[in-house]
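Student: sequence first, then the predicted structure:
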Amino acid sequence: MAKKRVAVIFGGRSNEYDISLISASYIINNIPRDKYEVIMVGITKKGRWLHYIGSVEEIKSGKWVEHSDNVPCILSPDPLDRGFIETMPDGEVSRLKVDCIFPALHGKNGEDGSIQGLFQMSQIPYVGCDMLSSACCMDKEFAHRILESGGIRMAKWLPVRLRDLDRLDKRCDEIAQQLKFPMFIKPSRCGSSVGISKAYDIKQLREGIKTAFSHDTKVLVEQGIDGVECECAVMGNDKLTVSTVGEIMPANDFYDYEAKYTVPQEQTKIPATFGKDVIEKIRDTADKAYRLIGCEGLARVDFFYTTEGEVVLNEINTMPGHTPISMYPKLMENTGMPAQEEMDRLISLAFERTQL
Ligand SMILES: Nc1ncnc2c1ncn2[C@@H]1O[C@H](COP(=O)(O)OP(=O)(O)O)[C@@H](O)[C@H]1O
Ligand SMILES: [Mg+2]
């Protein structure tokens, strides 16, 4: 049987560009070559798409972008093209057909449904969640509304809108009456802890809201949860593989950008040191939340296990990081699925999904 051609897309116009390069390197290195041929498409920070034929090492280091043999290419939304349209140096246009797309992209444009909408138009099978579930998981406010309506416990929260900036003191007073400090102020659709701050008083709340608005036009304030952070990896379309639970011990005051990508291995524990019943409760909730919001392919569901013994969902990441210290591949490995098998299964799930 001929090998299927998989296009791994990396980079992108997102504040998680650098993380995407590391995830992509891991993914490309682990796609089994006896079954798949891999082509690489990088998106620059400015948003230009380039067919890249260099080494994986240079994706990781960021040097890929300087290669003189990069060829501009775009994904055609026309299903008859079944792939990319390349513009050669002599101006000639050629087609690069692919069987499947693996978006190794995080955050804005890559994990928020935008690019998934393009994949859907092209009718090319792709790895991961579809447009709608990606968008709903990326928008923290939508995720709250959908998951809470299905009975999932999350932190108490309130929305803040741009128009509230004209009456910010009043809005902060209202928030302080309804939620307890410390609070977390978050841009609704950012990721990687960017723009998030923790407020211990009303002054910090005010400042935090202003900071969050410099990253997004939608902001929410959540009541702080006192507990341990933990994560569960889910894979599948209808029949799901739900991993055990991993525990995170952040070095900083919260799991901020720095802590996320510099935590040494010892600061995560797999499985978490909770009782069996708690682990099962977290796994059940991850399964339920994944289905409720319509995830397919893969997602990492993040929780707090509170000091009062409750399981509170924090967020769902539809393209979880795949860096060497990332939780998702580690959890899958712990479930008996090494990296090569994980990649093979994810690509197979893309082919199995019914795409109308
Ligand atoms: N309600 C909350 N209570 C306690 N800690 C929180 C809360 N919300 C966020 N955090 C902390 O901030 C980190 C980043 O928040 P999160 O909502 O996961 O944003 P991102 O999508 O950027 O990862 C979390 O991993 C956690 O450490
Ligand atoms: Mg998070």
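Tutor: Cool, the structure landed. Bear in mind that the values here come from a model prediction, so they are computed numbers and not experimental data. Ligands and ions are numbered 1, 2, ... in the order given.

Student: residues in the stretch 101-250 of the chain within reach of ligand 1, list them.
Tutor: Selection of the stretch 101-250 of the chain residues close to ligand 1 by CB under 6 Å from any ligand atom yields 155, 184, 186, 190-193, 196, 222, 224-225, 229, 250. Bear in mind the C-beta positions are built from the backbone N, C-alpha and C, glycine included.

Student: 8 Å instead, please
Tutor: By CB under 8 Å from any ligand atom, the residues of the stretch 101-250 of the chain that approach ligand 1 are 140, 155, 157, 182-184, 186, 190-194, 196, 198, 222-227, 229, 248, 250.

Student: among the residues you listed, name the ones in strands.
Tutor: 157, 183-184, 186, 198, 222-223, 227, 229, 248 (DSSP state E).

Student: buried sites along the longest helix that the chain contains?
Tutor: Using DSSP state H, we find that the single longest helix of the chain is helix 276-292. For helix 276-292, a neighbour-count test (16 or more other CB atoms under 10 Å) marks 278-279, 281-283, 285-290, 292 as buried.

Student: next helix or strand past that helix?
Tutor: strand 297-306 (DSSP states H and E).

Student: show me what the helix or strand that that following strand is followed by is packed up against.
Tutor: With elements assigned by DSSP H and E, the helix or strand that comes after strand 297-306 is strand 311-317. If contacts are counted by 3 or more CB pairs under 8 Å, 6 or more residues apart in numbering; DSSP states H and E, strand 311-317 sits against helix 131-138, helix 140-149, helix 276-292, strand 297-306.

Student: and the shortest one with helix 140-149, angle?
Tutor: If I follow you right, that is helix 131-138. On the basis of axes from the mean of the first three to the mean of the last three CA atoms, to 10 degrees, helix 131-138 is oriented at 100 degrees to helix 140-149.

Student: report the buried residues of helix 131-138.
Tutor: Buried-residue list, helix 131-138, by 16+ other CB under 10 Å: 131, 133-138.

Student: ok so, going back, now list the buried members of the residues of the stretch 101-250 of the chain next to ligand 1.
Tutor: The buried subset of those (16+ other CB under 10 Å) comprises 140, 155, 157, 182-184, 186, 190-194, 196, 198, 222-225, 227, 229, 248.

Student: switch the helices and strands packed on strand 311-317 over to a markdown table; also include distance to Lys97.
Tutor: Converted to a markdown table, the helices and strands packed on strand 311-317 look like this (distance: least, CB to CB, whole Å):
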| stretch | distance to Lys97 |
| --- | --- |
| helix 131-138 | 23 |
| helix 140-149 | 35 |
| helix 276-292 | 32 |
| strand 297-306 | 22 |
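
Student: let me have those in CSV, extended by mean pLDDT.
Tutor: Listed next are the helices and strands packed on strand 311-317 as CSV, based on pLDDT from 0 to 100:
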stretch, mean pLDDT
helix 131-138, 98
helix 140-149, 98
helix 276-292, 98
strand 297-306, 98
